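*Asks:* Below are the sequence and a predicted model for it; my questions follow.
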Amino acid sequence: MNRFDYVRPATVAEAVAAAAQPGSAYLAAGTNLLDLMKGGVMRPARLVDLARVPGLDVIEALPDGGVRIGARVRNSDLAYDPGFARRFPAVAEALLSGASAQLRNAATVGGNLLQRTRCAYFYDPASACNKREPGAGCDARDGENRLHAVLGWSEQCIATHPSDFCVPLVALGAVVEIEGKAGRREVPLEEFHCLPGSTPERESVLAPGELIVAVRLPGEAASFAGHARYVKLRERTSYAFAVVSAAAGLRLVDGAIAEARLALGGVAAKPWRVPEAEAVLRGVRPGAEAFRRAAEAALSEAQPSGDNAFKIELARRILVRALTLAAAGTPERLPALPASPHAPHPGVSLHG
Amino acid sequence: MAELASSAAHVRHGSSIGQPLTRRDGLLKVTGQARYAADNHPPGMLHAALAVSSVARGRVTGLDLEAARAHPGVVAVMTPENRPALAQDPDEKAGPFVFRMELLQDDTVRYVGQPVAVVIAETLEAATEGAALLAPRYATEPVSTGLEDGEAFVPPAVGVGAPAEVRHGDVEAGLVAAARRVEAVYETPAQYHNAMEPHAVVAAWEGDRLFIDTPSQGLAMAVGRVAGLFGIPPENIEIRSPFLGGGFGSKGAISGPQVLGILAAKLVGRPVKLVLKRDQMYGPVGHRAPTRQTLRLGVDGEGALTALHHHVRTTSSRYDDFFEPSGSVSHTLYASPAIATTSDAVRLDTGTPIFMRAPGEASGSIALEGAIDEMAAACGMDPLEFRLRNYAEVEPTSGKPFSSKALRECYAQGAESFGWSGRPLAPRQMRDEDGLLVGWGVGTATFPALMMHGQARAVLRRDGSGLIETGAHDMGQGAWTAFAQIAADSLALPINQVEFRAGHSGLPDAGIAGGSAHTATAGMAIHGAGADAIARLAELAMADQRSPLFGAGNAGVVAREGRLVRRDDESRGESYAEILARAGLDEIEGRGTGAADQAAQQHYAMHAHGAVFAEVKVDPELGQIRATRLVGAFAAGRIINPRLVRSQYYGGMIWGVSFALHEAAVVDRRTGRVMNANLGEYHVPVNADVPSLEAILVDEVDPHVNALGIKGVGEIGITGSAGAVANAVWHATGVRVRRFPIAIEALLGQP
Ligand SMILES: Cc1cc2nc3c(=O)[nH]c(=O)nc-3n(C[C@H](O)[C@H](O)[C@H](O)COP(=O)(O)OP(=O)(O)OC[C@H]3O[C@@H](n4cnc5c(N)ncnc54)[C@H](O)[C@@H]3O)c2cc1C
Ligand code: SF4
């Protein structure tokens, strides 16, 4: 077996100290990391298992009405937490649209943020991949790239970040709490992931050894609860990554949009918030025409990176859909097929 | 092996055949007691892991043997240098279905995923890491990966030795004379069997005797192949294969990796287990080749076909031959005075394609059913009506009558249950309450009623019980149950009085479990063996003055519930046990054979048929498709166990959904690597993709296929279904997608 150290720290401080050694990686549920290790894609010299670190698995209501989610909270536990799902329904819907029930029961908040791209060339050590091996080249660029990025990509890397969870989180202004040797710091999720540029191997602002301890949603994020949805387009009805996805949250005052929150998934190396599109909607009445304008604004910079031009129009349409559904109001209960276009939407006229 | 259960509340009504018994192995499976090949751990067993090639063509120029050998736990590394000698060249082509294998005969690489070394270690982890440490280096050559690559040629034969070209009537003339013509090009991708259970082998040598646990759809063939390769007598080989976690054709012939496991055991002189990793199943164990099919149809003014030309471009590997026979469905399904099927192929740097559930029929059916649908639409006819207009009363290309064909009833019962009437002719007319586009499609299902060659042995024992032995294979389809039902009836005993043994190479050869022919073949062998045992017993009794059956010869004797009775007076008789006891015998044996009746085949075309109706919903803006309802009505002769048959149809229908909407290997054009070689990204339907399913078993009595009247049910479910789903997508959207699986982007044109 490939040899590596395995340590199981008992406190955050111990964890950070243990991970200070170069070549360390934190182990959460391992649903991504262990696959990568088995495939020879990642070969950490030391695993720092977070399983016994106390306090990381807590969902905590904050005085401002927000919530602080420990980094080791399981996807399912968070999605099914009644208080959380009521206040942040689009986040719960996104979580439940991800992976499979078995994976969601294991996968954690921190791991979801830091999961690696699903670019098949990244997973294949025989392919050239700048992300895996800086300077090696990018076999996806002229390869099978139907599902690759249309926003924020570079010649060095056209991969996407595959998370569903992060999409509504970034729309709602989540903040990442980070602990490192130098102490604690906070980074807005929007600034947490990096675009590839010429350094696709650098995926987030985390310094080596830094630990995500929690993700926080501010109290005002709950003000979108009445009009918040996540929609995810997949190549099968469940258990597939997004071709594209969108989260939309609206705060309606007197029938007009006081504030809109919008983000796209599956289009870029990070969950892609679209402030330009949010601005288009400010103060207008919800409606198909306004939504389409917002969608145009959101994708104005989009460029195909391969055989994926269709994703640009698809992203516009899914934004319009997410907005339409959000405007109609968050349903009482999450649909049995979360985030699916095939979930019934009683009372909502979606298709003209 | 743990005990097989019998259905508890089984009421027999005089016969076991026809009863919907639950799987006798069900309890073992749901409690984890069913022992699959990889569950075996003989003492001293080592683990083997393959190192496989990441390039499609060239030579291995170096392996880091030192690193692998130095890894703790590694016992040996097997390469072309030290691989034990074989008695036969694995590249020798002893017959058309003896496939060439890569058994480390040299340093050549012919496809991605080809084994280039085997690491044997004390633990799976050590073997796996040892294999990774080998880090092969290659000298590469340019590769061919697509249907356009290289020079196309006409193969000498397609499928199982079928002609590459079949011509009946004058197609060109038929097209010229046609009032309407349709020409359409359909494409199907490479697909992989992806059985849940990976190919696995646990091999143990004792001198020159060999014991193997491995999943096999063809035990006797596997014994023959291994005996040939190792130069040992077949009787020295014992293969145990009680359960398969699916095979779908990929476990029909023993594969290279399985033989490598046996070689590894020989090299180290200890038992060895080798299990393919999921991604290693996308290379050395076969696949369904991609196709591009050109269909040219002509009809007269009444919508009757005047010509049908079905051309198939497919692929084989560069070093061996298997050609997906997609044209075969066109020989049978629709009446036309002129039918031609032609094939050509290119050679790719892939593993050799092989039989995959409904080989040819599945890929050909989705294309033919699409083109037929296009023609129906061109004629302004309801697609069901169009199919009935072109109903084949006799097999069109051969002119033979069908041994039986209840397809009209299938259409009628399926349409009725689905609620087909009232379907709008034009596409894009129906919406559900959420505004999703709704479409309905139909497809005709067909599969030949084949028989292989198989044998069985029956024994009646002094305690009144019976035994049936045949080396049959249970791939999950329910063979343990269905054959036990036939066995019970063949001996005229209740099922719990009959011991049924299968899944072992020491038993009589039951023939390969393929071509949907296993139930018919092994079933007939069992039927014959039971009858033979009964006949011998009857002879014994009738010749014995002390028996109440003495002299009954002229009137005849029948077996009922463990007794032989006079046909003319059923009150006169005695039990099997009594007859044997008086004769001083412990048991009496019978033998039976199952094989196709050549004379009947001369006279009749033999096929199962069906009609599948599908409903899909499509999001009009986003293009995401979901099949919502499937009704299939199938006529396949005698049904041994309706519960198992229904589940075969369900499985086939789900596969049809998969074919139309989900399944494809994503192959990198430059390297030939399958980029989605895992079950996360090689999409097959998950529960949420499986629609409401109904399978109707349409009565059909076939007096010609075999004495039991059995046709096959294992593969037909895919045919018809895939086309029905694709046609429903057209009906929902108005977009005719001719490339499968139907991609979201193909439907985005019209919001
Ligand atoms: C088949 C499959 C399908 C999937 N489908 C989806 C999907 O549809 N949508 C979706 O969103 N996701 C999907 N996923 C991804 C899944 O969500 C991730 O694998 C999971 O979220 C990772 O969480 P984990 O706890 O297992 O992380 P791990 O695998 O343990 O870790 C992942 C990475 O994060 C790092 N890490 C973990 N925790 C911390 C921390 N607290 N601080 C710093 N670093 C940390 C690890 O070092 C590692 O690099 C799928 C995964 C699989 C295998
Ligand atoms: S797109 Fe990025 S992750 Fe994929 S191969 Fe290129 S560099 Fe690697």
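*Replies:* Cool, the structure landed. Ligands and ions are numbered 1, 2, ... in the order given.

*Asks:* can we go C-alpha only for contacts and neighbour counts from here?
*Replies:* Fine.

*Asks:* So what does whatever residue of chain B ends up closest to ligand 2 look like in phi/psi?
*Replies:* As assessed by C-alpha to the nearest ligand atom, ligand 2 sits closest to residue B:675 within chain B, at 11.5 Å. Main-chain torsions, residue B:675, degrees, to the nearest 10: phi -90, psi -10.

*Asks:* Run through the residues that contact it.
*Replies:* A:120, A:121, A:144, B:665, B:666, B:667, B:668 (C-alpha atoms under 8 Å, 6 or more residues apart in numbering or on different chains).

*Asks:* swap in residue B:537?
*Replies:* B:576, B:579, B:580, B:588.

*Asks:* Am I right that the last one is in contact with residue B:459?
*Replies:* Yes. Assessed by C-alpha atoms under 8 Å, residue B:588 is found in contact with residue B:459 at 5.6 Å.

*Asks:* Quickly list what's touching both of those two.
*Replies:* residue B:533.

*Asks:* between those two, who's got more neighbours?
*Replies:* residue B:459 (24 against 19; other C-alpha atoms under 10 Å in any protein chain shown).

*Asks:* where's the closest residue to chain A within the stretch 451-600 of chain B relative to residue B:243, distance?
*Replies:* Residue nearest to chain A within the stretch 451-600 of chain B: residue B:476 (24.4 Å; C-alpha to the nearest C-alpha). Applying C-alpha to C-alpha, to the nearest Å, the value for residue B:476 to residue B:243 is 7 Å.

*Asks:* Could you list every helix and strand in contact with the strand or helix carrying residue A:297?
*Replies:* Under the criterion of DSSP states H and E, residue A:297 resides in helix A:288-298. Judged by 3 or more C-alpha pairs under 8 Å, 6 or more residues apart in numbering or on different chains; DSSP states H and E, the packing partners of helix A:288-298 are helix A:275-281, helix A:310-328.

*Asks:* most packed of those helices?
*Replies:* Burial among the helices and strands packed on helix A:288-298, expressed as mean neighbours by mean count of other C-alpha atoms under 10 Å in any protein chain shown, is greatest for helix A:310-328, which shows a mean of 24.

*Asks:* domain assignment for the chain?
*Replies:* I went with chain A, as the question did not name one. A:5-51, A:59-113+A:161-328 (automatic domain parsing).

*Asks:* Chain B is the one I meant
*Replies:* Taking automatic domain parsing as the criterion, chain B consists of the domains B:8-34+B:452-595, B:38-142+B:199-275, B:291-450+B:602-747.

*Asks:* quick one, which of the ones you listed is nearest to ligand 1?
*Replies:* domain B:291-450+B:602-747 (4.5 Å).

*Asks:* can you give me the end-to-end distance of that closest one?
*Replies:* Span of domain B:291-450+B:602-747 from end to end, C-alpha to C-alpha: 22 Å.

*Asks:* what does stretch B:697-709 give?
*Replies:* One end of stretch B:697-709 to the other measures 15 Å (C-alpha to C-alpha).

*Asks:* Okay, strands next: where are they in the stretch 401-550 of chain B?
*Replies:* B:430-431, B:437-448, B:454-461, B:466-469, B:498-501 (DSSP state E, counting those that start in this stretch).

*Asks:* could I get the fourth one in PDB with only the CA atoms?
*Replies:* Taking only C-alpha atoms (Å, rounded to 0.1, in the frame of the first residue of the first chain), the coordinates of strand B:466-469 have been written out as PDB:
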ATOM      1  CA  GLY B 466     -35.300 -36.700  -7.500                       C
ATOM      2  CA  LEU B 467     -32.100 -35.000  -8.600                       C
ATOM      3  CA  ILE B 468     -31.500 -33.000 -11.800                       C
ATOM      4  CA  GLU B 469     -28.000 -31.900 -12.700                       C
END
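
*Asks:* Buried residues of that strand, list them for me.
*Replies:* Within strand B:466-469, the residues that count as buried by 16 or more other C-alpha atoms under 10 Å in any protein chain shown are B:466, B:467, B:468, B:469.

*Asks:* Provide the strand pairings for that strand, with the direction of each partner.
*Replies:* Its sheet considered, strand B:466-469 pairs with strand B:454-461 (antiparallel), strand B:498-501 (parallel) by DSSP bridges.

*Asks:* how close does residue A:128 get to ligand 1?
*Replies:* Relative to ligand 1, residue A:128 is positioned 20 Å away (C-alpha to the nearest ligand atom, to the nearest Å).

*Asks:* Many thanks, we can stop here.
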